[in-house]
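Chemist: need a 3D model of the sequence below.
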Amino acid sequence: MMVDPKSLEELEQIGGAAGLLEGLGVDRKTGLIEAGGGADRAGDAMRPVGAQWQASIEMRQQVYGVNELPRQPVKSLLQLMLLAFKDKILILLTAAAVVSLVLGIYQATGGEPHIVRDADCPDGCVAPSLEWVEGVAIVVAIVIIVLVSSLTDWQKKRQFQKLNDQRDDRTVKVLRNGQEQVINTKLLVVGDVALIEPGEIIPVDGVFLSGYNVRVDESGATGESDAIRKGTYEECMAERDASGGQGRKLDCFMVSGGKVTEGVGQYIVISTGTNTFHGRIMMSMLGEAQATPLQVKLNKLAELIVKVGLWSGGLLFLALMIRYFVALKVEADRTPGQKGQDFIQQLIIAVVLIVAAVPEGLPLAVTLSLAFATNRMTRQNLLVRVLGSCETMANATVVCTDKTGTLTQNEMTVVAGTLGLDTRFARDLASYPARTNTSAASSLDASDLGRAVSAELQRTLNEAICINSTAFRADNEEGATFVGSKTETALLRLAYDLGWADYRQTRESQPVVQMIPFSSELKAMGVVVNLGDKYRLYIKGASEVLIRMCSRYVAVQGAEDQGTPTELTDGAMSQYMSTIGFYADQSLRTLALSYRDFASWPPAGAEMVDEHTVSFQSLAGDLTLLTIVGIQDPLRPGVPEAVSQCFRAGVGVKMCTGDNVITARAIAKECGILTGDGLVMEGPYFRALSDSERHRAVPKLQVLARSSPEDKKLLVQTLRDQGEVVGVTGDGTNDGPALVLAHVGFAMGISGTEVAKTASDIILMDDSFSNIIVAIKTGRCVNDSVRKFIQFQLSVNIAAIILTFVSAIESRAKQSILSAVQLLWVNLIMDTFAALALATDPPTDSSLDRKPSRSSEPLITPDMGKMILFQAIYQCIVCFVLHFAGHRLLGTNADSVAAQAELRTLVFNVFVFCQIFNQINCRRLDRQFNIFEGFFRNYWFMGIFIIMCGGQVIIVEVGGAAFQVTRISGRDWAISIVAGLLSFPIGVLIRLLPTDPFYELCVRCKFYKKEDGGVLAEGSEV
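Modeler: Predicted coordinates:
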């Protein structure tokens, strides 16, 4: 456990690196001996004693574990289908389907035939027994829902598995039997002496043994953006003793997940598999998925629908039974069989009402919305691993984001610089004009630097960058990548982007005479090259140190100026120091590039370290300053805009980083996270706060600097305790615990580690933070689609229940205004089409103009409730007027069988067209009037609208006895369409009605809690 946290004291207690080697039975010169099972210590005359020296590779794997993580069992398609079927609403639908099938089969096989009289059959015809179709159709709907949901989930899991498979086949160099070998990382064991080289990802935890200039980027594991210099245990102890334990720069621990940026060396493996830093975090992320806010609300809605349906069916059955018992007295001549059949009919009517109340299209609407959303997100480079995360992100109130690799690009880049006193350049100057001094005579974009200086000065700058460097370029399928220290790769990338001479040709063209390696004492590095007629020293280092060694600077007056060395006066020095301070205020790391020419080598009178090496003190003086550059890990493209849009959408952004407060504050300001009243805090201070103090500080906290993984996890937990819906972005191993704890975790697809991807719900395949906005908009679109469908579905169900209830009681024949088969079309086919139509509306930017809904807020808002109630009332009024007064209004003969059949068909047609046009009306959930916004761009919706209209025309014109309808005249078609179109102006009037009185009425009826501004009361979970 000495790696997490890193503890030099624990290593000291076991005798340092020597004690570790002794305890593990390994010789650093030979490594493990595979055949003999151990390693002989060099120089010992006798074979070492101790079990550790005899341990074979297999024994080490048994004791310390293999270097593999146990894979989570992947659910099969059948298991995913069973999980999908456990949804509460699907269980409700299954019960409804069973009841409907049993009664339908009974009616079809044992019930009395239903006689239909119309114009084509005035004497009466036996209608087909289709009552069983509704039960079958509900079963089909359940099958579709389960298949779509499980197949979508299965497809996403397969895509993620492909990503994981790409990292399985990795190799590493080890020292075994005294020879270098290349083995698979899975074969590493504790005690192996592993070799490291630039670009390697450390696969295990270890202790550094030896090497040259080794630096490791551990930002993916610990969040520390600066590459960490590795030293031996002895060097670390010497540094600790010399500094009193303060300001250590050396580190002897190798952390799994770190990336070697430069140098070569070797280390001993001290933990593998689940015992490594990487493995422990991976194992801590195992857990069950949580129910999303929408799932919770829909389950509550399903429970309420069951209650309402049961109450409605119970009341109807009670009313019918009263009539039934009255009829027993009045119609005493009926046979017992007729009385029993009549009783069954009363029960069937009540059960049909309960089944009709079940919104079978609701889970289909959710499933289709999520399916469309995930496909849209995949096309926009977001891989959704957990389907529910789409709708959860709609109501996210806070995003906690890592800095390195998430907000920034995780690659140091030259973002600003100065040539002479008058020329300033900056990367992306149009977006960041503040990176240049306002007093500068000329400012230009870094991309124009090549055209702004002469060819001779370009050559000098390129040589200063390329020759005085150990970094190199590695070309691959994704383009050019640079390997080396972050400072050197930043300079090399600048030369590459400007199209200057290739670094390899530049290095080969100038023979190197002497190299001056970088050291923390000198804060500089240099190289001396032979130019033929003279020798030149190129030196780069900390600008505030190097500029004091300069006596001249290169003055640049224009593109034709080859750069004239000019005396560095006190005024010029002051101006340069002002520029250095200006860059430092922006948290830029400044670097100076300079040179000095010598007529001969070694220079006359120079102090020699040895016969080939001139001392640094003899060279570091009388330098000519070439340029001062500002280096920074720049923001990813679109980050400031994305942060601004988050604030617009009511989503707070908090940055967590391992950087110091100054750097963290500067980055947070640059991307717009840190506002005027925002709070910046360090991780150790945040961790030490009491629970009450932390809860008071978190709402204003915007930047958490010097934070550990536990600090980030603590922040997420505190936000969750405060009722926030939290999204977390990250790319490193250290982000894993917080990604799991968050409601929605985002990992980076390119720079993200395996831990981050496994812990996440959504993977940003292009590493673009701006895709967070896409996730928010898509999530809100899913929520809106479900709410639109609920608004449509409940208006249909309420109207159907009222019509069935009233007409069944009023009718002497105990028949509903709508037949069972007609209700099938209305209650199933229309719902299914509506679910598909309303699920296809694409996300809009206008969705960012509203605040996120709290998890405690109702699924049905007061505005939705108004629309549902008044549209249902309008539909009931129209149908009842036609049903009870249709003959008088239309001037038809009430005693005519044909007229009666035509009126029943007209009522059915009017009711259906009210639903068809109300579907368009339900496309808006707010109080805006433009219900056709985006309608003509949604070809799915238009196609479904045409199918629904065409289907109704076919049913009326050719449905006949099957649907208990007859052909109607043009006048009746006009009435049906006009009645449907009237739902548009009715919708406008409803939106104009003030919401507050309706809301107050709902509060009095205990549908909402007034103190929560619309949150449902206990037990009223609509």
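Chemist: can you give me the strands for the stretch 151-300 of the chain?
Modeler: Counting by DSSP state E, counting those that start in this stretch, one finds strands in the stretch 151-300 of the chain at the ranges 171-176, 179-184, 193-196, 205-217, 228-230, 250-251, 253-254, 259-271.
Chemist: ranking those by burial, who's on top?
Modeler: Mean neighbour count (mean count of other CB atoms under 10 Å) peaks for strand 253-254 among these, with a mean of 28. Backbone N, C-alpha and C define where each C-beta goes, glycine included.
Chemist: which strands or helices does that one pack on?
Modeler: The contact analysis (3 or more CB pairs under 8 Å, 6 or more residues apart in numbering; DSSP states H and E) places strand 253-254 against strand 205-217.
Chemist: now do the strand it packs on and strand 259-271, the angle between them.
Modeler: 170 degrees (axes from the mean of the first three to the mean of the last three CA atoms, to 10 degrees).
Chemist: I'd like the distance from strand 205-217 to the chain centre, please.
Modeler: 34 Å (CA atoms, centre = their mean, to the nearest Å).
Chemist: state the mean pLDDT of the top helix by length along the chain.
Modeler: In terms of residue count, the longest helix belonging to the chain (DSSP state H) is helix 771-810. Mean pLDDT, helix 771-810: 83.
Chemist: what residues of that helix count as buried?
Modeler: 771-809 (16 or more other CB atoms under 10 Å).
Chemist: export the strands of the stretch 151-300 of the chain to TSV and tack on mean pLDDT?
Modeler: Converted to TSV, the strands of the stretch 151-300 of the chain look like this (pLDDT from 0 to 100):
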stretch	mean pLDDT
strand 171-176	87
strand 179-184	86
strand 193-196	91
strand 205-217	88
strand 228-230	87
strand 250-251	84
strand 253-254	90
strand 259-271	87
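Chemist: got JSON lines for the ones you listed, with distance to residue 692 too?
Modeler: Below are the strands of the stretch 151-300 of the chain laid out as JSON lines (distance: least, CB to CB, whole Å):
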{"stretch": "strand 171-176", "distance to residue 692": "49"}
{"stretch": "strand 179-184", "distance to residue 692": "52"}
{"stretch": "strand 193-196", "distance to residue 692": "47"}
{"stretch": "strand 205-217", "distance to residue 692": "38"}
{"stretch": "strand 228-230", "distance to residue 692": "37"}
{"stretch": "strand 250-251", "distance to residue 692": "37"}
{"stretch": "strand 253-254", "distance to residue 692": "37"}
{"stretch": "strand 259-271", "distance to residue 692": "39"}
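Chemist: of those strands, which is nearest residue 902?
Modeler: The closest of those to residue 902 is strand 259-271. By CB to CB, the value is 79.5 Å.
Chemist: by contact count, what packs against the closest one?
Modeler: Using 3+ CB pairs under 8 Å, 6+ apart: strand 259-271 touches helix 16-24, strand 193-196, strand 205-217.
Chemist: can you list those in JSON lines and add distance to residue 187?
Modeler: JSON lines is the format used below for these (distance: least, CB to CB, whole Å):
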{"stretch": "helix 16-24", "distance to residue 187": "17"}
{"stretch": "strand 193-196", "distance to residue 187": "11"}
{"stretch": "strand 205-217", "distance to residue 187": "15"}
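Chemist: for the ones you listed, which one sits closest to residue 105?
Modeler: strand 205-217 (66.7 Å).
Chemist: so which elements touch that closest one?
Modeler: In terms of contacts (3+ CB pairs under 8 Å, 6+ apart), strand 205-217 is packed against helix 16-24, strand 193-196, strand 228-230, strand 253-254, strand 259-271.
Chemist: for residue 32, grab phi and psi.
Modeler: Torsion angles at residue 32 (phi, psi; degrees, to the nearest 10) stand at phi -70, psi 150.
Chemist: apart from its neighbours in sequence, what residue is nearest it?
Modeler: With CB to CB, 6 or more residues apart in numbering as the criterion, residue 32 has its nearest non-adjacent residue at 5.1 Å, and that residue is residue 176.
Chemist: can I get the helices and strands packed on strand 205-217 in JSON lines with distance to residue 77?
Modeler: As requested, these are exported to JSON lines (distance: least, CB to CB, whole Å):
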{"stretch": "helix 16-24", "distance to residue 77": "46"}
{"stretch": "strand 193-196", "distance to residue 77": "41"}
{"stretch": "strand 228-230", "distance to residue 77": "46"}
{"stretch": "strand 253-254", "distance to residue 77": "42"}
{"stretch": "strand 259-271", "distance to residue 77": "37"}
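Chemist: out of those, which gets nearest to residue 150?
Modeler: Going by CB to CB, the one of the helices and strands packed on strand 205-217 nearest residue 150 is strand 259-271, 38.4 Å.
Chemist: how far is the closest one from where the chain is centred?
Modeler: Using CA atoms, centre = their mean, the offset of strand 259-271 from its chain centre is 33 Å.
Chemist: do stretch 718-728 as well
Modeler: On CA atoms, centre = their mean, the centre of stretch 718-728 falls 16 Å from that of its chain.
Chemist: am I right that residue 390 sits in a helix?
Modeler: Yes - membership of residue 390 in a helix is supported by DSSP: H, G, I helix; E, B strand; the rest coil.
Chemist: quick one, phi/psi of the closest residue to residue 397 other than its chain neighbours?
Modeler: Excluding the flanking residues, the one nearest residue 397 by CB to CB, 6+ apart is residue 724, at 4.7 Å. The phi and psi values for residue 724, taken as degrees, to the nearest 10, are phi -80, psi 150.
Chemist: got it, and residue 625?
Modeler: Residue torsions, per degrees, to the nearest 10, at residue 625 are phi -80, psi 130.
Chemist: looks like it contacts residue 580 (just checking).
Modeler: No - using CB atoms under 8 Å, residue 625 makes no contact with residue 580, being 11.5 Å away.
Chemist: shouldn't residue 618 be in contact with residue 598?
Modeler: No - Residue 618 is not in contact with residue 598 according to CB under 8 Å; the separation is 10.3 Å.
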